[in-house]
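In: Starting from these lines, generate the structure:
(chains A, B, C, D and E)
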Amino acid sequence: MLEWLGKVGDFSLTLLIVTLYGLLVGAYIERVIAKVQGRIGIPYSQPFINILKNFFKRTAVSHGVMFYLGPVFRIAGGIGTLAFIPVIYGNEMFSNFSMSGDLFLVIYFMFFGQLGMALGAGESGHPYSAIGIARGLSQMTAYEVPFALAVISIVIQYDTLSITEIVAAQQGGWQNWTLFTNWVATLAAMLAFLGMTGYSPFDIFLAPQEIPIGPPTEFHSAYLGLLQTNRALFGATKLILFMNLFFGGATGWVELMIKTLLIYMVAIVVGVAFPRFRVDQGIRFFLKIPTVIGILSIIYVQMVLLS
Amino acid sequence: MIKTLGTEDTLENAGLTDEEQQLFSNARPRAYEPYPIKAVEDFANWARANSLWILAFGTGCGAIELRPLMTARFDANRFGVAGRPTPRQSSVFIIGGYASVKTLKRIIRSYEQMQGPKFVIALGICPINGGMYFDSYNTVNRFDQYIPVDLYITGCMPRPEVLVAGIMELQNKIKAGRCDGANRYVENFDWYKANQKKVIKNWDMPDYNW
Amino acid sequence: MNELLERLQRHFDVNNINVLKPGMTTLKIGKDSAEILIRELRDREGYTHLNFITCIDYIEDGIFTLVYMLHNYDSKHTLGVHVDIDREHEEMTSIHTLWAQAWTYQRELREMYGINFPGSPRLDEDFCLEGWDQIPPMRREFDTRVFSEERFGHREGRHSEVPRVHMKMELYPKRGGDEE
Amino acid sequence: MNLRDLLSPFFVWQRAFEKPYTSIRPTIDRPGAPAYRGFHINVSEECVGCGSCHSICQNHAIDMVPAAEFEGRTGDSGLRPRFDYGRCCWCGLCVDICTAASLRMSNEYAWISEDPDEFHFTAGVDDKPWQNNEHGYRRAEGYHLYPPKRIEMDMLSPDESVQSFEEVARGYSEAQAKLEADRCVECGICVATCPAHMDVPDYIHSIRDGDYEKGLQLMYRTNPFPATCGRICTRRCESVCPVGILGEPVAIRWLKRFIVDQVDAKDYPRILNDQIIESGHRVAIIGAGPGGLSAAYYLRKKGHAVTVFEAGETAGGMLRYGVPSYRLPDADLDKDIAYIVSLGVDIRYNTRIGKDIDFEQLLQDYAAVFLSTGLSVPSNMRIQGEDHARVLSGLQVLADVASGRDPGIGSRVAVIGGGNVAMDAARVSRRLGAEVTILYRRRIADMPADEEEIHESQEEGCNIVPQAIPVEIIAADKPQQVSIKWGEAEMVQDPTGGRPRPVLQEDRMHTDTYDCIISAIGQGSDLDFLSKENQQQLAIEWGKFTPGEYQQSALQKVFVGGDVANRTADAISAIEDGHHAARGIERLLNPDGFTATQTDNTGEPA
Amino acid sequence: MTLSTGHSAALDFAQPEPPDLSSGKYVKLWQGPQHPGITGNMSLELVLDGDTIVSCKTHVGYLHRGFEKLMERRSFIQNFTVVCRIAVPEPTFNEYLYSHAVEEISGIEVPERAIWLRTMNLELMRLASFLMWIGGQSGAFGQYTVPNWTLAYRDYVLDLFEEMTGARIYHMYIVPGGVRAGLPDGFEERAREIMKGAEKLLDQIERVMFNNVVFKARSKGLGIITPDMVDPYGIVGPNARACGLARDIRKDEPYLAYDRLDFETISGNEADAYGRAYLRLQETRQSINLIRQCLDHAPTDGPFQADMPNVLHWKVPAGETYVKAECTRGEYGYYMVTDGSEFVRRVHVRGPSYTHAIAVMERLAVGTNIADIAGLMVSLHTYPPEIER
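Out: Sure thing, here's the model as predicted:
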């Protein structure tokens, strides 16, 4: 019992660090984008102030219980995802609730948050939200396909469903990373990652031009604060997951930060260069090349690595 | 249906049909109470001042200078300013110059949908005293009769530089806790409504757009 | 150019032909044959481009003059067709079947002058104004300044002096021209 | 899809390694451009408050408000523009039209306030930080919103003009007059400066409208001598005309003349339509000069029976005798006088007060007396030998010419003096065929005569010798000749700040001989007809009256005016004195019905 | 002209039947006026079937100020400050056309130097406007890098305006009779430098925006205008040129100094959003070229204003005229009737957006994906203030 409580305490610390890191890296990325756009960009403190501001904002309207629960589900999804990912390999304190089947749990939680959000946003009754949800969910479904295929590929490769074990299998030098052992799956997953991060060209569900802002149209004040916190947390969590699955995990915070930042940069390098796809184009894209690569990755594992 | 957290359900909503009456709230708006501890309120104001989200609603000519303001040359993001497409999330409404009666109606709607504390900057001469269109049959002359304004920036058009200066001035005002436009609106709600209804002749929206 | 005008004069009762400048002519035609003339100009004479439709209020003569400005891209010639209609019976044949933008102009004229174009689509929908409760604003008898002052008001605290009146009051109040 | 389209977008990253576009401190680093149209500057010392900025502002953003420190300056309305920055659109039209070029714009552009009522200021009066900005919009050289140059009037060439007494100025054609009338900015500063306060902008407006009858009506409201004043007025109005600050003033005098020239004398009664309802009062006027006849006109309009006593043979006074006909043809003077007389004014010619009729008698017989005897006695040069027979007075020469007599000047003439009479005498002499030298104590620039007159005299061949002080008149060898000894003068600054004084240079003396010397250095009054007692009561100083309110003298029934009662001694002042005295007499005779002219002080210009 | 633009009977302008909203099959959606994806303050009332638009109605009037009424009660000189507000992003075309109409009726001859300065001013405006438009088109498809560049660069052009005219947005430089001032010292060098930079920027934009797989995917095939639509819908300017009609007022009916400038009308052959965008990119380059030519040829001295009457009471003789110029969006025209008084009798402002944003937009929107509506709107290049005035 006590041990479990200690675990919760450790996790809370991890949660805090990851969230703060998520916010910070978010600000950094904003500044990088700004640089490309020929400007200076936000101060590093901006994401923190925004969240604080939103929590200090007054709420005067509500759209019912589900509306409240939307952001709660969303952040629950974020926390849940993080909870089962070992953050620092080989460090008991930051390994969270990692266990043998955690990979499936993580993928479940990744879905859970989105769905919860969809319910809350749908409750708001705003047509923009509805359109945003429709777009978001259909795009999610599309990019989850190559991602799932890539995951299946590495599950077959490492013959385990435990993230910790997957990371463990990649230790001993960069040549052991999935990136190099199973580059096909990594490629499929990274393409899916572009869709996951919500940068161009796959940000149609949040697009201000195509339809204002999508699901969070009606969310404001503390709800929005929660969503923003989650965006930082969930974003960092996804980065950690990808790092763990494909880039050999991290044995210390510094390594984690460098690796996640570089992974994040992949989305940005693409993001600033392209306009966004329409949702149908996005789906078509994911169901074509990345999916094929995902299938290829399974074949590759089966035919090349395991033979 | 929108549930509101207002105080008294006393608005008539006379402009709505019976069916619509069921859909909209008839609660009166409520003034913003500062936090009881001054330090908390000051801190909240500091956060508000440094995170000004502007509603993306170009109501008049002023919109033309908002684009340079938000893009690379003047890069207002540096000052904590960002554009927001939805009134729910915005805290600053920049009235871009003159308001035609048709736009005024939308301005009122958008303004009322913004969640407090909220601030209004009026750009240019037209909201002050009619400006170029002082004799036009379709633009209002004194904007402060319809929506409380926290800051006026004169000019036609005010340059982005002075917009930046205005934003800084607004930040100082918020930090000092002097931006009470939204509360003035609540306190003098009936006066504002009477003025609004005087010029908007087809009032087919609720009296307060929650 | 003259051939065109001759042809038109042969078939239509056009008058007041006025060559404003090289490349631009205006003419006047009766209300009833205007639509046929315009159709003819479009289909046979190459005036395929409708620049605009507008209206001039000659309140002192009790007429509205509708102006249809047509352009021929081949001869680079612009032809203004003027049609007088009675201010009291402000109605005109709609030409929305001739050009796609015509109904928008007609909708504007309906709102701004109150001219009726039977059959024109969405004619009575609000165009620029909303909840307008006065006479159509572009009519000359509508005084926009007075209206603006009554409805919107101006900021108080303004006062201006006329130099010569001020100087008279200050310098020579008892002299100068008497009102006799 | 080709590979180039996939890869080429990544070139965006090039920009990441370049300098950002962002201006680092936008509010500090970027002042307005040197010619930026920012907030207004008014150099209020140069501003004359003409209100053109107010007139041109399409947003009604400019109010003209009184500025106490500028009240009462010559040619200045005392008003200054007050800007409403809830209206101004910074178009700069006010700067472009500014007649004094005092209104400018700074390159300052930031004004933020939470109070919407705060956006007002009187430029140049209220203290604003941008008042001394060096940069900002100024009207460009060569850019005008009104024509700066006046329309030249046709003149007889000097060669022609010296040949005869024909009028030199030929008058405007209708097109010329309309163009000239167009230059007026309708400020009305001239109205205040004009002694008679004529409605100058209004009658100029009537020229633009082509409604000359209305113009005539407007002129007769304040001046029954429009034909005369249209030719020989000293036109102080033009000296303050704001259009003249940067360009040439509107030719107000010529425009006035133009209106009169367009209207035939026989139409006057119909146009002016003066209805006379007899009041039963009788008023006497002494002197049928412009002052007396002006009073006669306005008194007659009030219905009083007016009798004018004139010592000479014809009416017009100095206008008749003192102004040569090439400047004021008799026909035009007669046009004015004839209308006044036609209203039933009784003029008794050749009737000298004190000789033919006693002043005391007038006081008894008439309800009021207006006294405007003018200045008819030439001043003395106060030098030795000036009573020489060949020393003529300028006035006398002019009167002789006006009456058709030969003044007998000979062929070589010296004129002493620098006033209008001197110029007239000189030019008349030229027309009589003489060679003319004008001797004047000071510089040409100091001459009291009209600049135009001086210029024309020179053009017509008069030789002006400035800084020449007459010292002595000496009998010449021949009886029909006379010599004058004069010395050159140096101008010496007056230590007390007055105008420079000429100082005789004893070592540079000249003596010249002429056929005659015309002295035209000023005139004095002749008030001998008044008894000693009256003279004391009337408080006469230096031969002049000091009238009180409404030109009333110390004697309740006696009103004074004209040259004998004012300092300016010109026709237009005399006309106003007569008009004002008429008002005073009306007040005296009809105290209940009298109302001083009061004009509504609000309202916008018509 | 090779393409026939005769009226084809097949075109049907009839308003489509409004969809039955109560059937539950459709969603009604308002895009604007408070919406980042709309060009200015206007709105589209859309009815959706899934993602596809089945009906579109343009609503304007949010910016209606009644200019034509206001101009009837302002004097001729006062109006010149008012007209520039009619099209906020391109005020100078209004200034020029208004001044030109007044000059034509009152017979004022504008001096040579003013003609060149006006031409340069208009071309600078075209450059600034197109730069903003390119950013807008890119932004409408979700690429925010290019808008940041172009708007910043447009600001440099506005700096030139500020130097030349004294204002950034509402220049009020072209005044009846001429222009208000000559060029300031050193203007030419700065202008040339900025033109050089602009060319470089356009090359960069062509690389990253036009040679862009996603941009092509979004814009190709979007909002196709066929040549037979052009005349019946009154389509002008780049929208018409993109489908192959070489119509450019600058070339066809030259005004100002255009007959002395060396340029060719650009026309394309793909009248979809991409084709139009590419055409505008080329026209931006052409505009830079024209500005350079103006800098070469403009006289540096001599009068820049004709002799004017006193504008305080300026009566323009009775007359009537229609003047037009090629603005970035096509034929911009001023129809003016005067009656000999100090005020204008009637001014009608013909903005190309009038038909582009209403009749054309309502037709092209039908069948389009909801996500493309912002891109389509921008691609037609419409400015609401010139519709409602």
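In: for chain D, what are the nearby residues on chain C?
Out: C:155, C:157-180 (CB under 8 Å from any CB of the partner chain). Heads up, the C-betas are built off the backbone N, CA and C, glycines and all.
In: Mind giving me the PyMOL select for those residues, buried ones only?
Out: Buried residues within these, by 16 or more other CB atoms under 10 Å in any protein chain shown, are selected in PyMOL with:
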select buried, chain C and resi 155+158+160+161+162+163+164+165+166+167+168+169+170+171+172+175+176+177+178
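In: out of the residues of chain C next to chain D, which are inside strands?
Out: With DSSP state E as the criterion, strands contain none of the residues of chain C next to chain D.
In: And the pLDDT at residue 102?
Out: Picked chain A for this. At residue A:102, the model reports a pLDDT of 84.
In: Please refer instead to chain C.
Out: Looking at residue C:102, the pLDDT reads 88.
In: Correct me if wrong: it contacts residue C:93.
Out: No - in this structure residue C:102 lies outside contact range of residue C:93 using CB atoms under 8 Å: 11.0 Å.
In: So which of the two has more stuff around it?
Out: When residue C:102 and residue C:93 are compared for neighbours, residue C:102 comes out ahead with 26 against 16, by other CB atoms under 10 Å in any protein chain shown.
In: Stretch D:148-160: how far from the chain's middle?
Out: Centroid separation for stretch D:148-160 versus its chain: 20 Å, with CA atoms, centre = their mean, to the nearest Å.
In: same check, this time on stretch E:203-215
Out: 23 Å.
In: what about it, near chain B?
Out: No - interface with chain B: stretch E:203-215 contributes nothing (CB under 8 Å from any CB), its closest point being 13.6 Å away.
In: what's the burial count for the closest residue to residue A:152 other than its chain neighbours?
Out: Closest residue to residue A:152 apart from its sequence neighbours, by CB to CB, 6 or more residues apart in numbering or on different chains: residue A:298 at 6.0 Å. Neighbour count for residue A:298, taken as other CB under 10 Å: 21.
In: can I assume residue A:298 is in contact with residue A:149?
Out: Yes - in terms of CB under 8 Å, residue A:298 counts as a neighbour of residue A:149; the distance is 6.2 Å.
In: got any residues that touch both of the two?
Out: Residues touching both residue A:298 and residue A:149 (CB atoms under 8 Å, 6 or more residues apart in numbering or on different chains) are residue A:185.
In: which residues does residue D:138 contact?
Out: Per CB under 8 Å, 6+ apart, neighbours of residue D:138: D:35, D:95, D:101, D:104-105.
In: so which helix or strand takes in it?
Out: Assigned by DSSP states H and E, residue D:138 belongs to neither a helix nor a strand.
In: Against residue B:91, how distant is residue B:173?
Out: 13 Å (CB to CB, to the nearest Å).
In: Kindly report the same for residue D:225.
Out: For residue D:225, the distance to residue B:91 - CB to CB - is 74 Å.
In: In terms of packing, which of those two has more residues around it?
Out: Comparing residue D:225 with residue B:91 by other CB under 10 Å, the one with more neighbours is residue D:225, at 32 against 26.
In: Spatially, what comes nearest to the more buried one if we skip its sequence neighbours?
Out: residue D:336 (4.7 Å).
In: Was I right to think residue E:171 contacts residue E:158?
Out: No - the pair residue E:171 / residue E:158 is not scored as a contact, 9.5 Å apart, by CB under 8 Å.
In: so where's chain B uncertain?
Out: Where chain B drops to pLDDT under 70, the residues are B:1-8.
In: Show me what the residue nearest in space to the middle of chain C is bridged to.
Out: Centroid-nearest residue in chain C: residue C:55, 2.1 Å away (criterion: CA atoms, centre = their mean). When assigned by DSSP bridges, residue C:55 has beta-bridge partners residue C:66.
In: and it, what does it touch?
Out: By CB under 8 Å, 6+ apart, the neighbours of residue C:55 are C:64-67, C:109, C:112-113, C:115, C:138, E:346.
In: got those residues as CSV, with pLDDT and neighbour count columns?
Out: As requested, these are arranged in CSV below (pLDDT from 0 to 100; neighbours: other CB atoms under 10 Å in any protein chain shown):
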residue, pLDDT, neighbour count
C:64, 91, 22
C:65, 91, 17
C:66, 91, 24
C:67, 92, 21
C:109, 90, 25
C:112, 89, 24
C:113, 90, 23
C:115, 90, 20
C:138, 89, 23
E:346, 91, 22
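In: Please narrow those to those residing in helices.
Out: Filtering the contacts of residue C:55 for membership in helices, criterion DSSP state H, returns C:109, C:112-113.
In: Now that we have these, can you turn them into JSON lines and tack on distance to residue D:469?
Out: Converted to JSON lines, the ones in helices among the contacts of residue C:55 look like this (distance: CB to CB, whole Å):
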{"residue": "C:109", "distance to residue D:469": "83"}
{"residue": "C:112", "distance to residue D:469": "80"}
{"residue": "C:113", "distance to residue D:469": "81"}
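In: can you list the residues of the stretch 1-150 of chain D near chain B?
Out: D:20-23, D:26-27, D:30, D:32, D:58-60, D:84-90, D:109-116, D:119.
In: which among those residues end up buried?
Out: Counted by 16+ other CB under 10 Å, the residues of the stretch 1-150 of chain D next to chain B give D:20-23, D:26-27, D:30, D:32, D:58-60, D:84-90, D:109-113, D:116, D:119 as buried.
In: Take those and keep only those in strands.
Out: Filtering these for strands - DSSP E - leaves D:84, D:112-113.
In: So which of the residues you listed is the closest to chain A?
Out: residue D:112 (22.6 Å; CB to the nearest CB).
In: hmm, back to that, buried residues in the helix or strand where the residue nearest to residue D:225 lies, which are they?
Out: Applying DSSP H and E as the criterion places residue D:336 in helix D:330-342. Residues D:330, D:332-337, D:339-341 are the ones in helix D:330-342 that count as buried (16+ other CB under 10 Å).
In: What of stretch D:490-506?
Out: So stretch D:490-506, judged by 16+ other CB under 10 Å, has buried residues D:491, D:502, D:504.
In: neighbours around residue 175, how many?
Out: In the absence of a named chain, this looks at chain A. There are 10 residues near residue A:175, going by other CB under 10 Å.
In: meant chain E actually
Out: Count around residue E:175 with other CB under 10 Å applied: 26.
In: Where does pLDDT dip in chain D?
Out: Using pLDDT under 70, the flagged stretches of chain D are D:1, D:539, D:594-606.
In: Cheers, nothing more for now.
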